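*Asks:* sequence first, predicted model second:
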Amino acid sequence: MRLYILIGAAGMISALPHSRVLNKRDSDESPYGNSNSFDSEQGDENPSNPVVQFGIGQAGNSSYGTVVQSGIGQAVTVGGDAGLGFSPSSIHASIGDVIEFVFQKKNHTLTQSTFGSPCTALPGGVDSGFRPNPDGTANPAPTFQYTVETMDPSWWFCKQGNHCQQGMVFAINPTVSNIDENKTLNAFQKKAMSRGDDTENTLPDVLPQDTSHTGLLVATVHTVTVGGDAGLVYTPSSVNAATGDIIRFIFEKQNHTVTQSTFASPCSPIEDGIDSGYRANPNNTILPAPVFEYIVTDSDSKWWYCGQHDHCARGMVFAINPTPERTIDMFIKAAMAIGGSSLSKEYPDSSGQRYTSENTDHGCKGTTSAPFGGILATTFKT
């Protein structure tokens, strides 16, 4: 079950690890979340296409109500044109439900806290990090997903400046009456707004400008298409990115992953490495297409592959900041040397029947490309 939340106002958030953070490999993240799901080369249809809706509201206003029943396609706007708040400001969800936050305008976070300390990050808790979306110009908007792991209440806030102190808080499964020490959403918000100058972090609503390029912003969004009409490839197959840049993966046809590996072992996941999980989009029937975002943390080379069946062994790999000594072409050849052409596996289709994947050659010609994307809030190259 997937719940959708839109976030906006003073910031932007993107998709990084989620509680059961989707950065970590988790085959249960998707109804198609393992290699026994339909193959990305097949035309199986997904029976449920989530629809994102947008709500409005204002922090502290009753229009930021509580969604009592979980369901597919619920939309919660946070900030944006409505102001500093999550809308709805709380949700009642079941274990395994996925809440998706979509960030609108400007630069916000979704940070886990406690009822006793609303505006202080919980040590070891979930944190989306700052996700800038200046003026709401990013399309698609940055997203962050969180998988509910307990029926106990969990408490959240935006750590941008004094947003929490202005009532920008959120709750999952809060109590709905004055019991359990009054742990209601209203009590949580009042406690947050009484914190005065107790602030977490402050980042500008719009990213700082690069003085060497008047009017341009430093952070760059690099857009990478996963699969699609090009076949079993990432397009482009590599990008050169700076620390803080965002790599936005858009998943097209049919069921792929973005899984971190190493140059030496192209088709094996790193322990505790980043993994998008399976992002099914059969025949591009999901609109908008599934998106996974990775924020570049350093200038080192990073290596990635698709974890679906034999896709890696057929050349479906990707690199961030490859070097002349370790190029993307070398990485593709190393992956294909594993011998994917001999692999064949049965997958159930949407009707329950079974079929065998074909070992057709999809080419997978890797080319090193300049950053694909653009400067946030300025321009997006196509």
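*Replies:* That came through fine.
*Asks:* low-confidence ranges, the chain, go.
*Replies:* 1-75, 177-181, 195-219, 339-382 (pLDDT under 70).
*Asks:* would you map the helices across it?
*Replies:* Assigned by DSSP state H, the helices in the chain fall at 185-193, 328-336.
*Asks:* wouldn't residue 155 be in contact with residue 116 here?
*Replies:* No: counting by CB atoms under 8 Å, residue 155 sits too far from residue 116 to count as a contact (9.0 Å). In short, each C-beta sits where N, CA and C put it, glycine included.
*Asks:* quick one: which of the two has more around it?
*Replies:* residue 155 (25 against 11; other CB atoms under 10 Å).
*Asks:* for that one, what are its contacts?
*Replies:* 112, 113, 114, 115, 118, 169, 170, 171, 174, 188 (CB atoms under 8 Å, 6 or more residues apart in numbering).
*Asks:* give me the neighbour count for the second one.
*Replies:* Each residue near residue 113 was counted by other CB under 10 Å, and the total is 24.
*Asks:* what of the first one?
*Replies:* Counted by other CB under 10 Å, the residues lying close to residue 112 total 20.
*Asks:* ok, now how distant is it from residue 85?
*Replies:* 17 Å (CB to CB, to the nearest Å).
*Asks:* one more: the last one?
*Replies:* Using CB to CB, one gets 13 Å for the distance from residue 188 to residue 85.
*Asks:* so what's residue 338 up against?
*Replies:* Counting by CB under 8 Å, 6+ apart, residue 338 has contacts 266, 267, 312, 313.
*Asks:* isn't the first one right next to residue 330, touching?
*Replies:* No: applying CB under 8 Å as the test, residue 266 and residue 330 come out as separate, 9.9 Å apart.
*Asks:* so which of these two has more stuff around it?
*Replies:* residue 266 (25 against 16).
*Asks:* gap between that one and residue 239?
*Replies:* Taking CB to CB as the measure, residue 266 falls 17 Å from residue 239.
*Asks:* please apply the same query to residue 114.
*Replies:* Separation of residue 114 from residue 239 (CB to CB): 38 Å.
*Asks:* ok, those two, which is more surrounded?
*Replies:* residue 239 (26 against 15).
*Asks:* skipping adjacent residues, who's closest to that one in space?
*Replies:* Take residue 239 and drop its neighbours on the chain: the residue closest to it by CB to CB, 6 or more residues apart in numbering is residue 222, 4.5 Å away.
*Asks:* tell me what that neighbour is bridged to.
*Replies:* In this structure, residue 222 bridges to residue 247, residue 373 when assessed by DSSP bridges.
*Asks:* verify the stated contact: it with residue 241.
*Replies:* Yes: shown here, residue 222 and residue 241 form a contact pair, counting by CB under 8 Å, at 5.7 Å.
*Asks:* give me the more crowded residue out of these two.
*Replies:* More neighbours surround residue 222 than the other of residue 222 and residue 241, with 24 against 21 (other CB under 10 Å).
*Asks:* next one: the more buried one from residue 235, what distance?
*Replies:* As defined by CB to CB, residue 222 lies at a distance of 12 Å from residue 235.
*Asks:* likewise for residue 121?
*Replies:* The spacing between residue 121 and residue 235, counted by CB to CB, is 37 Å.
*Asks:* ok, now residue 270?
*Replies:* Distance, residue 270 to residue 235, using CB to CB: 23 Å.
*Asks:* how about residue 277?
*Replies:* Residue 277 sits 21 Å away from residue 235, going by CB to CB.
*Asks:* the more surrounded of these two?
*Replies:* Taking neighbours as other CB under 10 Å, residue 277 and residue 235 compare with residue 277 leading, 27 against 20.
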